[in-house]
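Engineer: Got a predicted structure here, sequence first:
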Protein chains: 2
Amino acid sequence: MNNFEFRNPVQIVFGKKTEERAGELAAQYGAKKVLLHYGGGSIKKSGLYDRIVKSLESSGIVWAELPGVKPNPRLSLVREGVTLCREENIDLILAVGGGSVIDSAKAIGIGVKYDGDVWDFYTGKAEPQESLPTAVVLTIPAAGSESSQGSVITNEDGGLKRPVNAACMFPAFSICNPELAFTLPVHQIAAGTADIFAHMHERYFTNIKHVDLTDRLIEAGMRNIIHHAPRLLDASEDYDTWAEVMWTGTVAHNNILDTGRLGDWASHDIEHELSGMFDIAHGAGLAIIIPAWMKFVYKHDVERFAQFAERVFFVERDYADPEKTVLEGIYRLEQHFKRMGMAVRLSEVGITADSFEEMADRATSGDTATLGNFVKLDKESIIRILKLAE
Amino acid sequence: MNNFEFRNPVQIVFGKKTEERAGELAAQYGAKKVLLHYGGGSIKKSGLYDRIVKSLESSGIVWAELPGVKPNPRLSLVREGVTLCREENIDLILAVGGGSVIDSAKAIGIGVKYDGDVWDFYTGKAEPQESLPTAVVLTIPAAGSESSQGSVITNEDGGLKRPVNAACMFPAFSICNPELAFTLPVHQIAAGTADIFAHMHERYFTNIKHVDLTDRLIEAGMRNIIHHAPRLLDASEDYDTWAEVMWTGTVAHNNILDTGRLGDWASHDIEHELSGMFDIAHGAGLAIIIPAWMKFVYKHDVERFAQFAERVFFVERDYADPEKTVLEGIYRLEQHFKRMGMAVRLSEVGITADSFEEMADRATSGDTATLGNFVKLDKESIIRILKLAE
């Protein structure tokens, strides 16, 4: 086990009708004027917007608003938000939505407190030291951003999708009401639960030895999402199942599952190029990349992959040939994604081999020439993974 | 799943040599003068005291000290600490030790900020609103107090052992170095790991339905402590095993395993009378009470107990007679405690039936006439559990 530090100060307020406490909670954090940050009209249609506004009003809080966040949230809107917060003297940004809205709110939060261009944080030119407080009303369980210190933003100029992490970026509070997810379309349920699974999967494959507790906790979380996700396909108003999925999504990414170990994250990095270039949903991209990544790297540590297969998918161990156990585990994961109605090959979403070179180029063009920690991937390896996913 | 709030702001600093950062961390929290609070001479003999003092000095922090904390920490020393902190203008209390020292430090912390007698908090006469900051250098993985908002104090006047919980009672930071546990005697290892197990066990037995994620996480933690604890019996300097035990002990009690459910805690309450009256180690008392409690209540929810037996102890399910599965699970838990060298009957520790009436009386004398949430226990039930433990 590695030495580690762990602190996650986010106040989680979970359960039915909790969005009605938005005003009270914002007031607790000293907010007088809030920026309501959200995507499109769905929160108005559902009545969520009205409930939040009413809650703010009853706590004497005024607000400005910035809608228009799109999946793979854009830098241009973040810059607009920074300007707006300064002009309007906003003291708390309330993200109402899923990971894209939250990530956009976090970017605005650090941008407001920085003299330079907010994109500096995403290129590594500067590190976030301070943020305007952010808070969340979660509507899509997926990204885990409601409990993380990370944000991923896409710069439209070049389609660059880049992450940043800093201790000042935790939301102050996150309101998680599973009822708000009832209206999600099936493809978003599938992509969201794949993303939740991926956050645990990325942490699971590590070279650090003696991480038994976190192994077991991650396996517990992965089993839970695999168990519950398919139940949402034909029962999208099942509160208890949504509660399982939403809370698993938060725990998956609040970093307790990361303690003492070093996750891989190559699949995420490869997928960022995929959704950066082709604008497919992040979770949908992960369902394609992860099985291919597994096939490419499993020989690096057959026993860890066998542990995954046995403990997460209850594959009976083949003592004579543990690799068969591994391959059965990967097969069952692909079957799970298929059952969720997801593509598991690039060709199914219209991405062909002629873009592999460019994707691999872009993925390895940053500060580090290789991706991943479990197995270091160079450009050639990434192309081979994309071919396995073809 | 119940609606819930979850927030745990404790900064955990985990790993080798982390006690050398005590001064730096205290300084981060603005400390200028620290109260070193500890038990006996063992931290001086081991050199830990010197390392901490050196770390404080190098950060320009001065200190006063209050040693003498005993197991089942005493109210009289807490009162002494409150006076001392006021006289010396202490701005952070650094607990160096296990649960008793930490609980004593937390009690002093809330006592300093309160005009009345600190025991008021433990009788329910007042609720803690504010605390002097506390921090921890953990030497005994057991109580989980390094990451909890609770404190249990014994009033020598009547042997009353009472708990209190409040959001202001979380330590600011907790330094957890598994190396510091290397010198623990076997009986303390046994009692400590039983306490860790109990914190998960108490949360596991709940009547709240649809708590699958936390079920699975708790099972993961229970399996981990059952797996690792026996390895310490003949390998007490095995860092990796101690790291598993220490981190499991912290996670067991940081309340994430509690989210959305309502734990039982009757075994803890009964045990508090046991160790209040007879001054045996808390974990040793739990190893006796828990199996007896299980035997008394299991018919209330055979399937939950079967789930425990199957998932924690890998008992093969008896489909024709699930109660046999349950009893096998309880048997294996008792065998685990025995393997750890612990008594599993009151008679083994010299406690006889003539004290059962008084123990049950005291346990039901507080604000609530019954104990527990999974099954409500009245005085008669408690006597029957004590008889099962005889």
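Structural biologist: Alright, I've got the coordinates.
Engineer: In chain A, which residue is most central in space?
Structural biologist: A:A143 (2.5 Å; C-alpha atoms, centre = their mean).
Engineer: From A:S275, how far off is the nearest residue to it once chain neighbours are set aside?
Structural biologist: Nearest residue to A:A143, sequence neighbours excluded (C-beta to C-beta, 6 or more residues apart in numbering or on different chains): A:G99, at 2.3 Å. Heads up, the C-betas are built off the backbone N, CA and C, glycines and all. Remark: distance between A:G99 and A:S275 (C-beta to C-beta, to the nearest Å) = 12 Å.
Engineer: same check, this time on A:A353
Structural biologist: 18 Å.
Engineer: ok, which residues in chain A are in contact with chain B?
Structural biologist: Residues of chain A that fall close to chain B, judged by C-beta under 8 Å from any C-beta of the partner chain: A:1-16, A:18, A:209-210, A:212-213, A:216-217, A:219-221, A:223-224, A:227-228, A:240, A:243-244, A:247-248, A:251, A:256, A:259-260.
Engineer: what comes into contact with the longest strand along chain A?
Structural biologist: Under DSSP state E, the strand in chain A containing the largest number of residues is strand A:4-14. The set of residues external to strand A:4-14 that reach it, using C-beta atoms under 8 Å, 6 or more residues apart in numbering or on different chains, is A:21, A:25, A:146-147, A:167, A:170-177, A:243, A:246-247, A:250, A:254-256, A:258-260, B:3-15, B:259-260.
Engineer: tilt between that strand and strand B:4-14?
Structural biologist: Here the directions of strand A:4-14 and strand B:4-14 differ by 180 degrees (axes from the mean of the first three to the mean of the last three C-alpha atoms, to 10 degrees).
Engineer: domain ranges for chain A?
Structural biologist: Using automatic domain parsing, the domain parsing of chain A gives A:11-180, A:186-388.
Engineer: got the end-to-end distance for the shortest one?
Structural biologist: Its start and end residues considered, domain A:11-180 measures 19 Å (C-alpha to C-alpha, to the nearest Å).
Engineer: filter the contacts of strand A:4-14 to the buried ones?
Structural biologist: By neighbour count, with 16 or more other C-beta atoms under 10 Å in any protein chain shown, the contacts of strand A:4-14 hold A:21, A:25, A:146-147, A:170-177, A:243, A:246-247, A:250, A:254-256, A:258-260, B:4-6, B:8, B:10-15, B:259-260 as buried.
Engineer: quick revisit: and the longest strand of chain A, which strands flank it?
Structural biologist: Using DSSP bridges, the strands paired with strand A:4-14 in its sheet are strand A:173-176 (parallel), strand B:4-14 (antiparallel).
Engineer: so which of the ones you listed gets nearest A:S365?
Structural biologist: strand A:173-176 (33.7 Å; C-beta to C-beta).
Engineer: For that closest one, C-alpha coordinates in PDB please.
Structural biologist: Extracted in PDB, the C-alpha atoms of strand A:173-176 (Å, rounded to 0.1, in the frame of the first residue of the first chain):
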ATOM      1  CA  PHE A 173     -22.500  20.500  -1.200                       C
ATOM      2  CA  SER A 174     -24.100  18.100  -3.600                       C
ATOM      3  CA  ILE A 175     -27.800  17.400  -3.600                       C
ATOM      4  CA  CYS A 176     -28.500  13.900  -5.000                       C
END
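Engineer: The very next helix or strand once past it: which residues count as buried?
Structural biologist: Going down the chain from strand A:173-176, the next helix or strand is helix A:186-204, by DSSP states H and E. Neighbour-count burial for helix A:186-204, counted by 16+ other C-beta under 10 Å, picks out A:188-204.
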